[in-house]
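**Student:** Sequence plus the predicted model coming up.
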Amino acid sequence: MTVTWTSGYGINEAEPFVEWGPKGGQQGHSPAGTLTFDRSSMCGAPARTVGWRDPGFIHTSFLKELWPNTMYTYKLGHRFLNGTCMWNQMHQFKSSPYPGQNSVQRVVIFGDMGKDEADGSNEYNQFQPGALNTTNQLINDLENIDIVFHIGDICYANGYISQWDQFTSQIEPIASTIPYMLASGNHERDWPGTGSFYGNMDSGGECGVLVQNMFYVPTVNRDKFWYSTDYGMFRFCIADTEHDWRQGTEQYNFIEHCLASVDRQKQPWLIFLAHRVLGYSSDASYADEGSFAEPMGRESLQKLWQKYKVDIAIFGHVHNYERTCPIYQNICTNNEKHLYKGALNGTIHVAAGGAGASLSEFTPIQTKWSIFRDYDHGFVKLTAFDHSNLLFEYKKSRDGKVYDSFRISRDYRDILACTVDSCPSTTLAS
């Protein structure tokens, strides 16, 4: 488990650490590393000018050798040069199940949440009206959530650095209790001439520096915000749509390795996550382009999803909810809508970017592959009951109720089954 926090104390003033251990058991100490950044790290205005605010010091500690599915307590500390300590309040978390562990595992996924003012006051770039509803629904249901993935467009600070503090304060009741994982979006990374795949100015000059320092994710290189993570019976492959993902690139090779290396007998639920829609979407902006997805998105990746039998691909960026049939090359591979038994023969694509930001319209075109659309704020939840049964739910942020759902029920042999473009070579020899 990784614990990250900010303070006003540099390493020349106080030593940061975490006191932690099994709940009710012996407590130990783990040191924390300290990072910061300055105005010169920003790539442009407003982050480098009127939006700049000293971020203080960012501390990260790694709590290792945890027993699976065990409750731990922890508190943050700073030891000053005179030997006295300052303490944060006590928190607790449940450690992750080991890869392949057969237990109930519950995952919440959404994109584009942002932050909002609880007192109703105005703020710059106030276009995340559903953010508090989503946050409050998760807080109220924390005992039924094991891990969260926020897949891009995190807080919409857009170069106004202090708004990251507002966002982290908003999600602290969640992120201090369960893992809060991220993907990078255009509002975190994009800036001209800085290596981002898109040359727009959506990050407000942050060019990825804030998200890379404020949150830790297990990337090899923090600027290349793609990574894999295992949680029990799940394998998650998280892409970075703000860097080139096309065939022949470093990221494409990572994605293939992530999909190919999972042991589907132990981790049957293979999930692909990314910010921009690389699969399918009926959002009006994509329909106007004629692509019904990010241009060039599925051209390179759909053969990988099919070859390695990805179950569900979930995206943000478009501020609405949509679910497709299991699909490959624009064709539904399964006519069922709510109870999938056996092989899917394709990947179910989900747009889940309606967690808080102002909603975006759908095209009036009714595609055959679009099963459910909702113009409202919400999030999705995956519940793996065991190696054979998975429940998918879409919940609205305003009431927490389920408005769309489906189940997958299958055996390991169904994952091995041959389908279009995913058949291993065979021989006539006996």
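**Tutor:** Nice, thanks for sending it over.

**Student:** Can you pull out the low-pLDDT segments for this structure?
**Tutor:** 122-126 (pLDDT under 70).

**Student:** Next, count neighbours for the residue found closest to Val420 once you drop the neighbours it is linked to in the chain.
**Tutor:** For Val420, ignoring the flanking residues on the chain, the nearest one in space by CB to CB, 6 or more residues apart in numbering is Tyr328 at 6.3 Å. All C-beta spots, glycine's among them, are computed from the backbone N, C-alpha and C. Using other CB atoms under 10 Å, Tyr328 has 20 other residues around it.

**Student:** likewise the one 10 residues further on?
**Tutor:** Applying other CB under 10 Å, we find 11 other residues in the vicinity of His338.

**Student:** from what I can see the residue nearest to Val420 touches Asn345, true?
**Tutor:** Yes. Judged on CB atoms under 8 Å, Tyr328 makes contact with Asn345 at a distance of 7.3 Å.

**Student:** who touches both of the two?
**Tutor:** Residues touching both Tyr328 and Asn345 (CB atoms under 8 Å, 6 or more residues apart in numbering): Val420.

**Student:** and stretch 84-97, how far apart are its ends?
**Tutor:** With CA to CA, to the nearest Å as the measure, stretch 84-97 spans 37 Å from end to end.

**Student:** which residues touch it?
**Tutor:** By CB under 8 Å, 6+ apart, stretch 84-97 touches 1, 5, 14, 19, 23, 66-80, 103, 105, 146-147, 176-179, 231-233.

**Student:** Out of those, which end up buried?
**Tutor:** 1, 5, 14, 19, 66, 72-78, 105, 146-147, 176-179, 231-233 (16 or more other CB atoms under 10 Å).

**Student:** and Asn140, how far is that from Lys395?
**Tutor:** Asn140 sits 12 Å away from Lys395 when distances are taken as CB to CB, to the nearest Å.

**Student:** What helix or strand is Asp119 located in?
**Tutor:** Per DSSP states H and E, Asp119 falls between elements, in no helix or strand.

**Student:** quick one, longest helix in the chain?
**Tutor:** helix 162-175 (DSSP state H).

**Student:** mind giving me the domain split of the protein?
**Tutor:** 1-95, 99-416 (automatic domain parsing).

**Student:** Quickly compare these and say which is most buried.
**Tutor:** Across the domains of the chain, averaging neighbours per residue (mean count of other CB atoms under 10 Å) puts domain 99-416 on top, at a mean of 20.

**Student:** Quick one: end-to-end distance for that domain.
**Tutor:** With CA to CA, one end of domain 99-416 sits 20 Å from the other.

**Student:** cool, and stretch 101-109?
**Tutor:** 21 Å.

**Student:** Please apply the same query to stretch 92-110.
**Tutor:** Termini of stretch 92-110 sit 24 Å apart (CA to CA).

**Student:** All further residue positions should be reported with the first residue as 706.
**Tutor:** Got it, the first residue is 706 from now on, which makes the last one we talked about stretch 797-815.

**Student:** How far away from the center of its chain is it?
**Tutor:** Its chain's average C-alpha position is 15 Å from that of stretch 797-815, according to CA atoms, centre = their mean, to the nearest Å.

**Student:** phi, psi of the closest residue to Asp928 other than its chain neighbours?
**Tutor:** Using CB to CB, 6+ apart and skipping the chain neighbours, the partner closest in space to Asp928 is Gly913 (6.0 Å). When read as degrees, to the nearest 10, the backbone of Gly913 gives phi 90, psi -10.

**Student:** and Gly913, what does it touch?
**Tutor:** Per CB under 8 Å, 6+ apart, neighbours of Gly913: 889, 893-894, 899, 901, 927-928, 930, 947.

**Student:** again with Asp851
**Tutor:** 799, 801, 810-812, 883, 936.

**Student:** Please identify which pair of those residues lies farthest apart.
**Tutor:** Greatest spacing in the contacts of Asp851, by CB to CB: Lys799 and Val812 (13.7 Å).

**Student:** In which helix or strand does Ile1113 reside?
**Tutor:** strand 1107-1114.

**Student:** Which SSE is immediately downstream of that strand?
**Tutor:** helix 1117-1121.

**Student:** what helices or strands is that following helix leaning on?
**Tutor:** If contacts are counted by 3 or more CB pairs under 8 Å, 6 or more residues apart in numbering; DSSP states H and E, helix 1117-1121 sits against no helix or strand.

**Student:** Give me the residues contacting it.
**Tutor:** 969-970, 973, 1014, 1047-1048, 1092.

**Student:** 10 Å instead?
**Tutor:** 969-971, 973-975, 1014, 1016, 1045-1050, 1092-1093, 1113, 1127, 1129 (CB atoms under 10 Å, 6 or more residues apart in numbering).

**Student:** What are the boundaries of the strands in the stretch 806-955 of the chain?
**Tutor:** Ranges of strands in the stretch 806-955 of the chain, per DSSP state E, counting those that start in this stretch, are 810-815, 852-856, 885-888, 932-936, 939-943.

**Student:** what do you get for the stretch 956-1105 of the chain?
**Tutor:** 974-979, 1017-1020, 1026-1033, 1036-1037, 1044-1046, 1052-1057, 1075-1079, 1083-1089, 1094-1101.

**Student:** Any chance of those in a markdown table with distance to Cys942 as columns?
**Tutor:** Putting the strands of the stretch 956-1105 of the chain into a markdown table (distance: least, CB to CB, whole Å) gives the following:
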| stretch | distance to Cys942 |
| --- | --- |
| strand 974-979 | 5 |
| strand 1017-1020 | 9 |
| strand 1026-1033 | 18 |
| strand 1036-1037 | 23 |
| strand 1044-1046 | 21 |
| strand 1052-1057 | 12 |
| strand 1075-1079 | 23 |
| strand 1083-1089 | 14 |
| strand 1094-1101 | 17 |
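
**Student:** Out of these, flag the one nearest Phe742.
**Tutor:** strand 974-979 (25.8 Å).

**Student:** What strands flank the closest one, and is each parallel or antiparallel?
**Tutor:** strand 939-943 (parallel), strand 1017-1020 (parallel) (DSSP bridges).
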